[in-house]
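J.: A predicted structure for the sequence below; I have some questions about it.
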Amino acid sequence: MDTVKGFSVPAASIGMGLRAPHYNDLLSELPNVSWLEVYSENYLDEQSVQRHILRQVAQHYPLSLHGVGLSLGSGDALDSKHLAALKALVDEFQPALLSEHLSWSAVSGRYFNDLLPIPYTHESLEQFCRQVEMAQQALGRQILIENPTAYLNFKASVFTEWDFLNQVVEQTGCGLLLDLNNIYVNAVNHGFDSLDYLNNIDLDAVGELHLAGFSVNDYEQGRILIDTHGNRVSDEVWQLFAQVRHKLGCQAPALVEWDTDIPEMSVLLDEVGKAERVQQLGIEALAVSGLACEYGVNHD
């Protein structure tokens, strides 16, 4: 199989997560979107229809491969077959960006359909860094690690999440995929300030940003936000995005994700357009413009 010539992803460009319901529309319309991200595991089979479609897509758009299956946070060794298949995918498509999660999803050969949290301890840091180094060596390139959503905290943790990630970057040379929706969901659920996270994470290591929507579940005990990726980006996350771009100066490419209750492609493209306007106008301009209500930006 010939290698697909990869494209680069420009700084401050806005991409869209490509999902199966949009294959036909994307290839027939070729919308004006800077880049696309796909889940790596959906394209590992070299003979699959999905792999064939991705070859067509890659002729027109830069790609980001976003993995959900390496289980870097597990105590198990990395799955050599999975890693080999991912290496073949990377070698063929030469993606502009390659990422995985700060999580685990497999143990003792059993796989779970979830990205499960890890305790932020010295022991888990050592194990996670070892796995990241092995993955980067096998794949022959740097990977980005995404901050997770977590609905519980471990009493054993001795690091904040941002300190843990900063240590992973320092020890392995990996980059970061900073999901602003995940930060906001965790901040609300666990009672910390999103800006504390952004002010302490190593923004120089951020190679990609994610923007997505959440759902709200109300219980007798209180309210919890769920990272469903099934709604438009919230006002609060737009506000964080504006902060990251204009106050903190991070110009990493940003992506709009939508994974459940997937709407027409035009809705995602509308969200891409919003992201472009937020980063063009800035916080102060948004506060006094007609977009202030749309993005929920407060002007003090």
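T.: On my side now, so go ahead.

J.: make it CA atoms for all contacts and neighbour counts henceforth
T.: OK.

J.: from Asn153, how far out is the nearest residue to Thr160 once chain neighbours are set aside?
T.: Closest residue to Thr160 apart from its sequence neighbours, by C-alpha to C-alpha, 6 or more residues apart in numbering: Tyr120 at 7.1 Å. Distance from Tyr120 to Asn153, counting by C-alpha to C-alpha, to the nearest Å: 9 Å.

J.: what about the helices in the stretch 51-200 of the chain?
T.: Secondary structure of the stretch 51-200 of the chain (DSSP state H, counting those that start in this stretch): helices at 80-93, 122-139, 161-172, 180-190, 194-200.

J.: in a markdown table, list the ones you listed along with mean neighbour count and mean pLDDT.
T.: Listed next are the helices of the stretch 51-200 of the chain as a markdown table, based on neighbours: other C-alpha atoms under 10 Å; pLDDT from 0 to 100:
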| stretch | mean neighbour count | mean pLDDT |
| --- | --- | --- |
| helix 80-93 | 17 | 97 |
| helix 122-139 | 18 | 98 |
| helix 161-172 | 19 | 98 |
| helix 180-190 | 21 | 97 |
| helix 194-200 | 15 | 97 |
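
J.: in a markdown table: the ones you listed, plus distance to Leu27.
T.: Formatted as a markdown table, the helices of the stretch 51-200 of the chain follow (distance: least, C-alpha to C-alpha, whole Å):
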| stretch | distance to Leu27 |
| --- | --- |
| helix 80-93 | 17 |
| helix 122-139 | 29 |
| helix 161-172 | 37 |
| helix 180-190 | 29 |
| helix 194-200 | 37 |
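
J.: and those: which comes nearest Glu257?
T.: helix 180-190 (10.0 Å; C-alpha to C-alpha).

J.: ok, which of the helices of the stretch 51-200 of the chain comes nearest Leu255?
T.: Of these, nearest to Leu255 by C-alpha to C-alpha is helix 180-190, at 10.5 Å.

J.: and the strand or helix carrying Met16, which strands flank it?
T.: Per DSSP states H and E, Met16 falls inside strand 14-17. Sheet pairing for strand 14-17, assigned by DSSP bridges, gives strand 36-39 (parallel), strand 254-256 (parallel).

J.: out of the helices of the stretch 51-200 of the chain, flag the one nearest Pro263.
T.: helix 180-190 (18.8 Å).

J.: got the buried residues for stretch 64-73?
T.: Of all the residues in stretch 64-73, those buried under the rule 16 or more other C-alpha atoms under 10 Å are 64-73.
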